[in-house]
Every structure is written in C-alpha cells, then in structure tokens.
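Trainee: Would you be able to build a 3D model of this:
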Amino acid sequence: MLETSSRFRTKFILVAGLGVFIGLAASTLVALSGVRTLSVGATDELEKGLGRATREYLETHVVDSAIRTAEMFSQAQADLRIAASIAQGIIDRGPTLDPVHRLLTEVPGVSDRLRYDAEGNWYQNAANEPMAVAVWGYLLGEPGPEGGPPPVRPDVLDAIGRTAIYDLIIPPFQREGSSNLQVYYVGPEAAPYLRIAPWAPAAAEADKKYPGHNQQPFWSFFFPTLVESWMQWVGAEGGPDARESQVTVLPPYEDAGGGGLVTTFFHPLWSPDRRRFEGAVGVDLTLNQIVDYIKDQRIYDSGFAFLAQSSGNVLAVNAAGERLLGLRQGTGAGGAGVDVLRRSLADSVHPEVAELPMPRAGRASQREIEIEGRRYVVALQRLAPFDTWTGALGIESERWTLGLVVPAQEIYGSLERARRSIKETTAKILARQAIITLATLLVVLLGISVLSRRMTAALDELSRAARSLMAKDYDAKVDVHTDDEIGELGVAFNAMAAEIRAHTLNLEDLVRQRTVELEQANREILLLNERLKEENLRMGAELAVARRLQLMVLPDEQELADIEGLDIAGFMEPADEVGGDYYDVLSGSTGLKIGIGDVTGHGLESGVLMIMLQSAVRTLVLAEERDPERFLSIVNKAVYQNIQRTDIDRSLTLTLLDYRDGVLHLVGQHEEAILLRADGSLERIDTLPLGLPVGLEYDISDFLGRLEVPLEPGDTLVLYTDGITEAEDPDGGQYGLDRLCAVAQAHHTADAASIKDAIIDDVQRFINFQKVFDDITVVVIKREAEGAA
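Mentor: All right, here's what the predicted structure looks like:
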C-alpha cells in the first residue's frame, strides 16, 4: 500500500513538474519571440525612415548645389549680356559716334600703339594699355618698298579705331564681374582682330599653344561652324533679337594663357540692320571656383560630388572621387587647336559607372550602383539648359549634371549599430528569463511535493475501499475528512457503492421491466415502418405524375420543325426529385414566343408551379397580348396569386423572347443568354437588369426592361437553366458557364440539334453519367440562312 502511494506521488510530481516546465518554457519562447519580432520591426522601421530621410537629404543637397552652380553661370552670362548690349549700341549708332572714335585714337592711354613682331608676323600693343590688341598676319598688307614691316590693312585699322572705346567699357566688367578670367572682343570674319582684358601677351601665347593659327582666319581656325550657326539666326523669324538669349557656351578646355580649365561664353554682335555678323564679345570663365566648390563637397564620411556634361564628360571631381569612379583623363580637339577636357563616365573601368545614364527629367533622381563589391547611392540633378557650340554639329542645347556619390554602408551605419544593440539586449533578456524559469520551477516542485503527501493519504483510503468493492463487499465505505475535490470524490464513491448494492439486489426485476419496454418499442417501430412504406409509394407516384406532366407540356419536334426561318432544338431531363425547369416555343398571330425559366426548389410543388406558368403563357399568347413587358407582368400576377392561394414557398426566374423580322425582344430575369454570331464570335447577354424573379411580388412592372438583339442569318442563341452550369463531376467541381460557351462556340457552324447534342453529351461526360440532382434544360435557336429550306 505504501509502495503504491509512493509510486503515485512520484508520478504526480513528475507530471506536474513537467507541465509547469513546459508552461514556463513556452512563456519564455513567446517572450523571446516577441522581443525578436519587436527588434525586427523596429529595425525595419528604422531602415525605412533612415532611407527616406537620406533620400530627401541627398535630393535637397544635390538640388541646392545645382542651384548654386547654375547661379555662377547665370551671373557670368548676365555680365556678358550687359557688355554685348553696350557694344551693340555702339555699332547701331554708327557714324554718330565717329567723332568720338577719332578723338579716342589720339587720347594717351586709350589709343592703341601697335608694335610689329617679325618672328611671329603679327602686331600687338604695349603692356601698359587697358586692353591687349592683337592683329594677326593674315590681316596685314604687303611690305613697303624699303623692306619695312608689312602695315596693318586700312580697313582693319579703321575697325580697331571704332572699338577703341571698349578700353573704357570692358576692363571694368573684367574686374568687377563674376569670376571672369578674361573678357574680350573678336572682330568679324573679314577683320577678326582681338581685344582682351586684362592685357596679356595673347599673340605670343597663341603662337606657343596653337601653331598655324596665324595663317588661317580666327573663326574658322578656332571655332569652325560657329559663325555659320549664328548666321542661321538672321534668317529666322524676328532675326537674332527675337531669341531669348544669344549667349553661346563653348565646351571647357585648358586655357592657352595659363588660366587653367576655362569655358568661353560668346555673344555675337550684328550690323544695325541685323543682317551681317560684326564680331563677338566673349568671356573666359575660370572653372576653378566651380571645381573647388565641387571638390570641397563632403557627404557623410567619404561621399563626394562631381559635375558632368550631358554626354557624361566629367568636368569637376576630387581626386578620391576620380579614382573611385575609375575615370581616364585625356583631351580632344574642340576646334582646330582648342584642347577640350575629356574624362567621360562611359570610359570608366567600372561597368556600372560606364552605364550610368545622365538624367533626362528636370527633377533630381537617385539610384544604387556597385563598385568593386560595395554599394553606392548616386543622386543626380540637371542644371538649366544653355546653347553650346558642339563643333561640326553647330549650336545645340546642353544641360550639365551635378552628381553626389555616397557609400550605402555609411548611410546605414546607424542602422547596424542599432541592430547590434538590439541583439545584445535580446541576449540579456533571454538569460534573465532562463534564471527566472529555473527558480520558479524549483518553488513549484517543492509545493507539489507537500501537496502530494496530503492527497495520497486520501487516495490510499479510496484504493482500499475499491478493492473491497471488487471483492463483492458492497458495504465498503470511505471516511471523508475534507470538503475539497478529494473529499467530493470520497462522497461520490460512497454513493456509487450504495447504488451498485441496490442494483445488484434488484437486477432481476430490472431485466424483466426492460424486456417489456423493448418489446413495446419494437412493435411501434414495425408499425411506423409500414406507414413509411405507404408514404414512399404515394410520393413516388406523385413525382412520376409530375415528371410526366412536365414532359407532356414541352413542344414536340414537329412543332419546332414547322417554325419558318428558325432552326430550334430543345432538351429537358427532369431530376429524380423533379425540379421546376420550363421552356416553351409558341407560335401565334403576334409572332413567335419563346420562354425559359426555373422554379426554385424540387418536388411536386415545383412541378405544379411550372404547369401553372405554362398555362398562363399559352393563354396570353392565344389572347394576342403584344406588349412584352405587359405580357410578363400579367404572367407574374397570375403566378403570384396562385402561390398565395396554394400557400407554397416558391418563385421562379423567367425570360420571354419575342421573335419578329430577324430581331429578338428579351424581357425578364434568368441565366445569361449565349449569342453565337455566324463568324464564330461570342456574346454573353446579361438578363439581370430585365426584371425580377416571378412570384415574389404582385406587381413587378416597374422593374421590367426590354433588350432587342438582332439575329442575323447563321447566328445562334443558346438558352439554358442552372442544371447545366451547376452540374457536378464526381469530385464536386461544377460544369460552369465558360465550358458551356466553349462547347457551343466550337460547334457554332452546325445545326441547332447538333449544337444541342454536343452540349448534352459534354455535360454527361463531365458528370460521368451520374444521377442528376437538378433538371437539365437547353434550347438552341439558330436563324437559317436566306433561301434555306
């Protein structure tokens, strides 16, 4: 006895302890899962927010930088337009200012004192004058008889005198304007001498940098097609003055005078009638300031900026950026001797950099690229467009692009730190939870051990009494000392023992009484079975009558064959329980009436309601009712009153079709009709908007609608009930409207009977020739070809 109690106590402690352990372990896992879910969610939200903020920051930064860069160019162009406007005004006044020009040629410090250079064969003035004036060898006359230097041609001297006033105008623009390296004037094609501020040994520097320039006119040597492109403006509507801006930008190149990377802005000048080219005012804008600004841009720890042309030629970038982008530096001829900087993204050693497209839209764009296994975010913003000389192609619109490049790792550095922090916190929570779980388990096991000792004493008493009861000692009892669950178990045991004793003593009487009750129940079951047999026979007879009535009222094949112009075939197979499918084809003085419907439910009531419907339709046809909506409204009222009188819970869908002169008139709500055109195209006609179910309301006239459908020769209309589309295969799958349409369309060239047979055969194969549980009805109406028999 004591051994049994000890085994129970051990099992109880093990089971209870295991349950507590599982519960604590589950709660720990749930807590850990929650922490991990929270950490993942927080990390995802942090990543989304950080990515969004970074994109907004980069976009704002690249737009601001582009605006500042564009302002530098805009200021230089504004200065040039002012200088060109003054110069054009001087040309437009012409002879009016001749006295002023002659006077200035005699004023010291303004008049140009030209000196001949025999080695270079050109003239240039002294270094103490406000502007340098250079006259090239091809502008000189023949040498004198005494072997002196060749003189400057008179027309060139006259032109130089008319521009002496520029010594008072251009130098201030050079000093006070935006970051201008040089401001100068070049004469027309016939006399392209040079005025430049500040004074510089322009002729000597040109000899060093551009050999051969002194034998070919300035414009055709340095900038071929440029003057020709300007002259195209003369022929345009409104002439040059009609243009929004005449400023033309030259691609960046290395300045021959040592000014570093420069770009030239030209503004052409014109004769008073705007028909002849009279030279151009130019500005050499040093790009050092832009380059320095771009190079100094630092984004995050190692991000950088660059400036590129629309062709991808990089104009400005710091040394680290140039190495990272894998750029190859070189030069290419812009004119006959101008070396244009060439450092294209397309020539990069990194494929993703070489394929990086310049933006086409005006808004900033961003994308990620991979360089040597690392991801970088590139933000691009185009500058405002300006006219650019492109060499052989003439003048075209150009847009430069400012780009920012930032390592993706630096953008998400804070995200990685947050992930590590969350991981460390999760590990701490897990360790603490494990300690708490073990401590809780020890406390619970101690409590269970104490409790089990109290329980086993009472259970030992129950075990002793049960063994006595097994030994047929029906007087066995348990002494109950507590009112807890074990005490209630002892009370229940005592009651059970008393009941067993009573049943044992009265068992024979109970057997005798139960035998009598079973015999009485058997007689009642046999009587009820006889009644059910009679009822089944009666119901079977009623259903057979209903099925026969349903088939008797259908039109026979001869009736359908007698209809002129239409080839009609119909099929109906009632279900075992009799449904309420209806179709009819009636000829009358008003034309041909075709009907199809489906009564809700199964059984005799549905069949009777179908007979009522057929009688009402035939009566109205004989009464020559012509209006389709009124026809259906009267049928509804008759059916509604019969339903109310017979107190049956039924209604039906019904569509009536009138055929006259090649047109079908549809009214009433039923399944979709399938219209097959002669060319094989298929249309599905929705009858839902054409009415309401018949028999639900007394008056449905306000809900009725009519639809007219032309039926051309060779066209076919297929009508059916839901017994077709809802037929089920052995696995419970439905036949469906799409399959019905496919079968009908595949046989659209056949006659009506063949189309009907193809549909019924396909349905039977689909249901595997099982018993049908709903009426199956299909009607095929085909308009015969003209002249057909």
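
Trainee: The residue nearest to Gly714 when sequence neighbours are not counted and Phe277, how far apart?
Mentor: In this structure, Gly714 finds its nearest non-sequential neighbour in Ala678, 3.0 Å apart by CB to CB, 6 or more residues apart in numbering. Glycine gets a C-beta too; all of them are placed from N, C-alpha and C. If you measure Ala678 against Phe277 using CB to CB, to the nearest Å, the figure is 75 Å.

Trainee: again with Phe223
Mentor: 13 Å.

Trainee: and what of Thr263?
Mentor: Applying CB to CB, one obtains 22 Å for the distance of Thr263 from Phe277.

Trainee: Next: Ile674.
Mentor: Separation of Ile674 from Phe277 (CB to CB): 79 Å.

Trainee: repeat for Gln669
Mentor: Taking CB to CB as the criterion, Gln669 is separated from Phe277 by 84 Å.

Trainee: Which stretches in the stretch 651-789 of the chain count as strands?
Mentor: Counting by DSSP state E, counting those that start in this stretch, the segments of the stretch 651-789 of the chain that form strands are 652-660, 663-667, 673-676, 682-685, 706-710, 716-720, 776-783.

Trainee: which residues are in contact with the fourth one?
Mentor: If I follow you right, that is strand 682-685. In this structure, residues lying in contact with strand 682-685 by CB atoms under 8 Å, 6 or more residues apart in numbering are 666, 672-677, 707, 709, 737, 741, 744-745.

Trainee: Closest to Glu697 out of those residues?
Mentor: If you rank the contacts of strand 682-685 by distance to Glu697 using CB to CB, Leu666 comes first, at 20.6 Å.

Trainee: List the contacts of that closest one.
Mentor: Remark: with contacts taken as CB under 8 Å, 6+ apart, Leu666 is in contact with Thr655, Leu656, Leu657, Ala673, Ile685, Thr687, Leu690, Arg706, Leu707, Glu708, Val709.

Trainee: In PyMOL, select just the buried ones from those residues.
Mentor: The PyMOL selection below is limited to those of the contacts of Leu666 classed as buried (16 or more other CB atoms under 10 Å):
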select buried, resi 655+656+657+673+685+687+690+707+709
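
Trainee: Show me which of the contacts of Leu666 is closest to Ile435.
Mentor: Of all those, the one sitting nearest Ile435 is Thr687; the distance, using CB to CB, is 73.8 Å.

Trainee: what about that closest one, distance to Ser27?
Mentor: Thr687 sits at a distance of 61 Å from Ser27 (criterion: CB to CB).

Trainee: of Ala678 and Phe277, who's got more company?
Mentor: Using other CB atoms under 10 Å as the criterion, Ala678 and Phe277 rank with Phe277 on top: 22 against 15.

Trainee: Would you agree Asp98 falls within a helix?
Mentor: Yes - the secondary structure assignment for Asp98 places it in a helix, going by DSSP: H, G, I helix; E, B strand; the rest coil.

Trainee: Let me see the contact set for it.
Mentor: Shown in contact with Asp98 (CB under 8 Å, 6+ apart): Arg162.

Trainee: measure it to Arg113 for me?
Mentor: The span separating Asp98 from Arg113 equals 21 Å under the rule CB to CB.

Trainee: do Ala83 as well
Mentor: Note on Ala83: its distance to Arg113, by CB to CB, is 24 Å.

Trainee: out of the two, which sits in the busier spot?
Mentor: Set Ala83 next to Arg113 and count neighbours by other CB under 10 Å: Ala83 wins out with 22 against 12.

Trainee: How far off centre is the helix or strand hosting the more buried one?
Mentor: Take DSSP states H and E as the rule and Ala83 turns out to sit in helix 2-93. Distance of helix 2-93 from its chain centroid, counting by CA atoms, centre = their mean, to the nearest Å, is 23 Å.

Trainee: Tell me where the stretch 351-500 of the chain is predicted with low confidence.
Mentor: Counting by pLDDT under 70, the ranges of the stretch 351-500 of the chain that qualify are 413-416, 418-419, 450-460, 469, 472, 474, 480-481, 484-485, 487, 493.

Trainee: Check this structure for me, the residue farthest from its geometric middle.
Mentor: Distance from the C-alpha centroid of the chain peaks at Glu146, with 86.9 Å (CA atoms, centre = their mean).

Trainee: My reading is that that residue lies in a helix. Confirm?
Mentor: No - residue state for Glu146 (three-state DSSP) corresponds to coil; a helix is not indicated.

Trainee: mind listing what it touches?
Mentor: Glu146 touches nothing, counting by CB under 8 Å, 6+ apart.

Trainee: which phi and psi does it have?
Mentor: Reported as degrees, to the nearest 10, the phi and psi values for Glu146 are phi -90, psi 10.

Trainee: With distance to Arg343 and mean pLDDT added, can I get the strands of the stretch 651-789 of the chain in TSV?
Mentor: TSV is the format used below for the strands of the stretch 651-789 of the chain (distance: least, CB to CB, whole Å; pLDDT from 0 to 100):
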stretch	distance to Arg343	mean pLDDT
strand 652-660	78	94
strand 663-667	76	96
strand 673-676	70	96
strand 682-685	65	96
strand 706-710	73	95
strand 716-720	74	97
strand 776-783	78	95
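
Trainee: Could you export the ones you listed to CSV, including columns for distance to Pro351?
Mentor: Shown next, in CSV, are those (distance: least, CB to CB, whole Å):
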stretch, distance to Pro351
strand 652-660, 67
strand 663-667, 66
strand 673-676, 58
strand 682-685, 52
strand 706-710, 63
strand 716-720, 61
strand 776-783, 65
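
Trainee: Leu140: which of these is closest?
Mentor: Comparing the strands of the stretch 651-789 of the chain under CB to CB, the one sitting nearest is strand 682-685, at 91.3 Å.

Trainee: List the buried residues for the closest one?
Mentor: Of the residues in strand 682-685, Ile685 count as buried by neighbour count, 16+ other CB under 10 Å.

Trainee: Each with direction, which strands does it pair with?
Mentor: Note on strand 682-685: by DSSP bridges, its sheet partners are strand 673-676 (antiparallel).

Trainee: mind checking how far the strand it pairs with is from the chain centre?
Mentor: Computed by CA atoms, centre = their mean, the separation of strand 673-676 from the middle of its chain amounts to 37 Å.

Trainee: Dump that strand to PDB, keeping only the CA atoms.
Mentor: Coordinates of each C-alpha in strand 673-676 appear next as PDB, following Å, rounded to 0.1, in the frame of the first residue of the first chain:
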ATOM      1  CA  ALA A 673     -28.000  34.000 -72.800                       C
ATOM      2  CA  ILE A 674     -25.200  32.900 -75.200                       C
ATOM      3  CA  LEU A 675     -25.200  34.600 -78.600                       C
ATOM      4  CA  LEU A 676     -23.000  33.000 -81.300                       C
END
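
Trainee: contact partners of it?
Mentor: Outside strand 673-676, the residues touching it (CB under 8 Å, 6+ apart) are 655, 666, 682-685, 687, 709, 715-720, 740-741, 744-745, 748.

Trainee: Repeat the analysis, applying 10 Å as the threshold.
Mentor: When contacts are defined by CB atoms under 10 Å, 6 or more residues apart in numbering, strand 673-676 is touched by residues 596, 655, 657, 664, 666, 681-687, 707, 709-711, 714-720, 737, 740-741, 744-745, 747-749, 755, 779-782.
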